[in-house]
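Peer 1: Just need the structure, nothing else, for what follows:
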Amino acid sequence: MAGCWEGSGGKPLLTSIYVTVLAGAIFSAIVIFSTLRSGDKVSFSVTGYTSSSQSPPPSLLPDDKIFRNGNSASEPTPNTSANHPSHAVQKPQNILTKAIWEVPVDKKMPDPKVFQLTKEMVEYRAKDNVIIVTFGNYAFMDFILNWVRHLTDLNVFNLLVGAMDTKLLEALYWKGVPVFDMGSNMNTIDVGWGSPTFHKMGREKVLLINALLPYGYELLMCDTDMVWLKNPLPYLARYPEADVLTSSDQVIPTVTDDSLDLWPQVSGAYNIGIFHWRPTDPSKRLAKEWKELLLADEKIWDQNGFNDIVHRVLGPSVEGGKGLVYAYDGTLKLGILPASIFCSGHTYFVQAMYAQFRLEAYAVHTTFQYAGTEGKRHRLREAMLFYDPPEYYDSPGGFLSFKPRIPKGLLLDGAHTLETHFSLVNYQLKNIRTALAIASLLNRTLVMPPIWCRFDRMWFGHPGIMEGTITRQPFLCPMDHVFEVNVMLKDLPEDEFGPKIDFREYSFLQNPLVPNQVKESVLEVQLCDGQSMKCNIDNETTQLGVLGFPKQSNQEKFLQVFSRYKDVKVIQFSSMEDAFQGFTNKEMENKFRNRVKRYVGIWCCLPFRDPGHIYYDMFWDEKPGWKPEPPKTREDDHPPW
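Peer 2: Numbering: from 1, shown residues only. Below you'll find the predicted structure:
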């Protein structure tokens with residue numbers, strides 16, 4: 001600017017500059033005034049975004065490789081043409097219009113104002129008038145990245161993420177994820193289901209829906225603890241008359257194809273973890289009343305409030321509506337997404353309803369599970385639906401696995417009863433206890449075996465399998481049905497509980513994200529009779545990659561032999577039956593026992609009994625006459641330690 005003034009050399013130019021500046025100021029004032037009146041920018045609370053750093057943290061720099069394609073670590077490749085919807089006039093590129101996963105090149109955070117939610121931001125990201133949104137705090141960073149990655153893998157890019165705290169906003173920005181500030185000033189830790197902060201998060205969802213609907217776009221609102229398996233947008237477009245399409249907690253199938261669930265037969269709550277809103281007058285009225293209800297009473301759970309309002313009127317069916325029903329005020333057209341393909345944690349992980357009906361699942365929401373957030377994450381890992389950082393797939397100390405070899409009789413013989421269920425699970429517990437001991441000795445990460453159950457687990461009394469469901473017996477049950485996954489991951493004091501024993505999900509070694517250098521470095525350990533000539537562990541002519549190892553070996557023998565194989569990534573035992581005689585170091589044994597007895601949870605629940613739950617016991621076999629019985633009194637209601 002100084003150069004212009006000094007180089008003008010004449011009065012006419014000076015006059016023209018004055019005129020230009022004055023005109024520009026008047027135009028800017030008009031634009032600012034119009035923007036303020038339009039109300040496009042949305043603030044979710046009085047407190048706004050405040051940048052806490054001027055440069056990305058080291059762990060979040062653009063070269064941080066958090067995702068993997070096949071066996072090579074790499075960032076997801078930005079797809080500029082696929083990320084950006086077509087517009088008549090292409091808008092200039094800035095931080096909000098970059099392709100997803102395209103990390104910023106600058107080293108400092110932009111002005112906080114650019115992260116405010118605006119209609120322009122939604123307009124740019126929307127495609128076919130639809131925007132997909134999730135939100136959360138920093139505690140759910142990995143879930144959010146997983147959610148985004150699954151959508152972009154499906155070539156779905158019309159998405160936005162709301163950040164409830166500064167730490168998450170900055171982290172997502174440096175990862176190249178389109179993020180906006182919700183101004184919630186939320187705590188960055190996991191708030192826990194049912195807590196006051198959990199309910200506050202639910203209210204933020206309702207405020208967000210009310211903020212987005214006036215923009216005129218269809219809204220697919222999602223919780224972060226769900227995963228998209230198939231592009232849902234063509235399915236949702238099949239029901240253009242619907243004002244709202246919602247998922248549900250229905251566990252009994254009402255249809256066997258991919259049509260909407262039959263609303264008169266749906267007894268489960270409508271679940272607001274996955275639901276689609278069209279910006280119609282009835283849906284806007286519903287959103288407004290829902291918001292007012294929750295703001296008037298902080299004790300109401302957002303999902304219960306939604307269900308109460310929607311059920312105020314339910315019926316009749318919309319004529320020609322392909323399963324839609326009039327709800328709420330009698331004008332809103334509601335559809336219930338089929339639980340077989342828009343899956344809950346039960347219809348996907350326990351019943352595998354989509355597979356039994358030969359359908360393709362669109363989504364899975366990690367409901368109907370135990371062990372909190374850690375349980376949710378582990379379920380997705382078991383299904384190979386969670387993207388972990390590269391180090392997760394290559395533990396420095398290597399891995400230990402074993403073949404479970406469950407006797408056929410325990411799995412299939414006799415009626416499915418409480419006794420046969422516990423006999424089956426207890427057999428597996430004993431083998432897993434042995435594997436945990438060996439993993440602890442060798443400082444290896446245990447790859448858990450698949451766990452089989454005869455009885456389902458619920459938080460209320462039931463006859464073993466919920467009536468009307470299509471759960472097969474026996475079934476491969478999620479690990480959190482038996483184990484306290486959150487306790488296993490907790491950092492317990494080593495002076496009292498011994499060293500932490502890391503573990504992986506049963507599907508780990510089949511996961512394509514595990515690098516070849518891990519999968520190809522395997523030592524097969526065949527348990528054998530120590531008196532046999534074929535069981536000579538000092539025989540150097542042993543077949544390459546296979547080791548005969550004596551049953552009932554003690555602590556010293558394990559350390560002596562397997563110290564030679566520290567460079568082997570995977571040591572796989574043929575069985576855990578009679579593999580380990582026990583610790584010779586009593587202090588080490590006591591700490592180990594103190595740790596692993598806390599690893600198991602409860603089976604729940606016997607009907608018409610209070611309490612009706614039964615504690616699993618890691619050391620059941622050391623208690624003669626042990627039987628699966630619930631506590632007799634409230635005083636007896638505690639874990640077996």
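
Peer 1: quick check, residue 141 in a helix?
Peer 2: Yes: remark: residue 141 belongs to a helix, assigned using DSSP: H, G, I helix; E, B strand; the rest coil.

Peer 1: how about it, what does it touch?
Peer 2: Contacts for residue 141 were tallied using Cβ atoms under 8 Å, 6 or more residues apart in numbering; they are 168, 171, 172. All C-beta atoms are positioned from the backbone trio N, CA, C, and that covers glycine.

Peer 1: Let me see the ranges of the helices in the stretch 301-450 of the chain.
Peer 2: Secondary structure of the stretch 301-450 of the chain by DSSP state H, counting those that start in this stretch: the helices cover 302-310, 345-349, 353-356, 372-382, 408-412, 418-442.

Peer 1: quick revisit: out of the contacts of residue 141, which is most surrounded?
Peer 2: residue 168 (26 neighbours; other Cβ atoms under 10 Å).

Peer 1: Can I take it that that residue is in a helix?
Peer 2: Yes: if the criterion is three-state DSSP, then residue 168 is within a helix.

Peer 1: Check which residues of stretch 138-151 are buried.
Peer 2: By neighbour count on 16 or more other Cβ atoms under 10 Å, the buried set for stretch 138-151 is 138-151.

Peer 1: what's the neighbour count on the residue nearest to residue 235 when sequence neighbours are not counted?
Peer 2: Excluding the flanking residues, the one nearest residue 235 by Cβ to Cβ, 6 or more residues apart in numbering is residue 362, at 6.4 Å. Residue neighbour count, defined by other Cβ under 10 Å, stands at 23 for residue 362.

Peer 1: per-residue pLDDT, residue 362?
Peer 2: At residue 362, the model reports a pLDDT of 98.

Peer 1: what do you get for residue 97?
Peer 2: Reading off the model, residue 97 has pLDDT 74.

Peer 1: I'd say it and residue 124 touch.
Peer 2: Yes: counting by Cβ atoms under 8 Å, a contact exists between residue 97 and residue 124, whose distance comes to 5.5 Å.

Peer 1: The two: which has the busier surroundings?
Peer 2: The residue with more neighbours, out of residue 97 and residue 124 and counting by other Cβ under 10 Å, is residue 124; that gives 19 against 16.

Peer 1: Show me where this structure dips below the pLDDT cut-off.
Peer 2: Applying pLDDT under 70 to the predicted model, the residue ranges of the chain that meet it are 1-96, 184-202, 536-544.

Peer 1: Hmm, residue 552 is touching residue 531, no?
Peer 2: No: checked against Cβ under 8 Å, the pair residue 552 and residue 531 is beyond contact range at 11.2 Å.

Peer 1: what about these two, which has more around it?
Peer 2: A direct count of neighbours by other Cβ under 10 Å for residue 552 and residue 531 places residue 552 higher, at 13 against 7.

Peer 1: Provide the secondary structure category for the nearest residue to that one once chain neighbours are set aside.
Peer 2: Distances taken as Cβ to Cβ, 6+ apart put residue 581 closest to residue 552, at 4.5 Å, once the chain neighbours are dropped. The three-state assignment at residue 581 reads strand, by three-state DSSP.

Peer 1: Now do the contacts for residue 349.
Peer 2: Remark: with contacts taken as Cβ under 8 Å, 6+ apart, residue 349 is in contact with 364, 368, 369, 379, 382, 383, 478.

Peer 1: I misspoke; the intended subject was residue 377.
Peer 2: 142, 143, 386.

Peer 1: mind redoing it with 7 Å?
Peer 2: Contact criterion Cβ atoms under 7 Å, 6 or more residues apart in numbering gives residue 386 as the residues in contact with residue 377.

Peer 1: For residue 516, see how far away it is.
Peer 2: According to Cβ to Cβ, to the nearest Å, residue 377 stands 25 Å off from residue 516.

Peer 1: likewise residue 99?
Peer 2: Distance from residue 99 to residue 516, by Cβ to Cβ: 30 Å.

Peer 1: coming back round to it: out of the contacts of residue 141, which comes closest to residue 228?
Peer 2: Distances from residue 228 to the contacts of residue 141, taken as Cβ to Cβ, are shortest for residue 172 (17.8 Å).

Peer 1: end-to-end on stretch 476-496?
Peer 2: Distance between the two ends of stretch 476-496: 34 Å, counting by Cα to Cα, to the nearest Å.

Peer 1: what does stretch 342-358 give?
Peer 2: Terminal residues of stretch 342-358 lie 14 Å apart, using Cα to Cα.

Peer 1: just to revisit the earlier point, keep only those of the contacts of residue 349 that are in strands.
Peer 2: Among the contacts of residue 349, the members falling in strands (DSSP state E) are residue 364.

Peer 1: What subset of the contacts of residue 349 is buried?
Peer 2: Among the contacts of residue 349, those classed as buried by 16+ other Cβ under 10 Å are 364, 368, 369, 379, 382, 383, 478.

Peer 1: surely the third one meets residue 379?
Peer 2: Yes: using Cβ atoms under 7 Å, residue 369 makes contact with residue 379 at a distance of 5.7 Å.

Peer 1: shared neighbours, those two?
Peer 2: When contacts are counted by Cβ under 7 Å, 6+ apart, residue 369 and residue 379 have 345, 478, 480 as shared neighbours.

Peer 1: Pull the number of nearby residues for the last one.
Peer 2: It refers to residue 480. Applying other Cβ under 10 Å, I find that residue 480 has 24 neighbouring residues.

Peer 1: Go ahead and confirm residue 245 touches residue 239.
Peer 2: Yes: between residue 245 and residue 239 there is a contact at 6.3 Å, judged by Cβ under 7 Å.

Peer 1: Which one's more surrounded, these two?
Peer 2: When neighbours are counted by other Cβ under 10 Å, residue 245 comes out ahead of the other of residue 245 and residue 239, with 24 against 20.

Peer 1: if I pick the most centrally placed residue in the chain, what's in contact with it?
Peer 2: In the chain, the residue lying closest to the centroid (Cα atoms, centre = their mean) is residue 225, at 3.8 Å. When the contact criterion is Cβ under 7 Å, 6+ apart, the partners of residue 225 are 143, 365, 366, 376.

Peer 1: can you pick the most crowded of those?
Peer 2: Ranked by the number of neighbours (other Cβ under 10 Å), the contacts of residue 225 place residue 366 first, at 27 neighbours.
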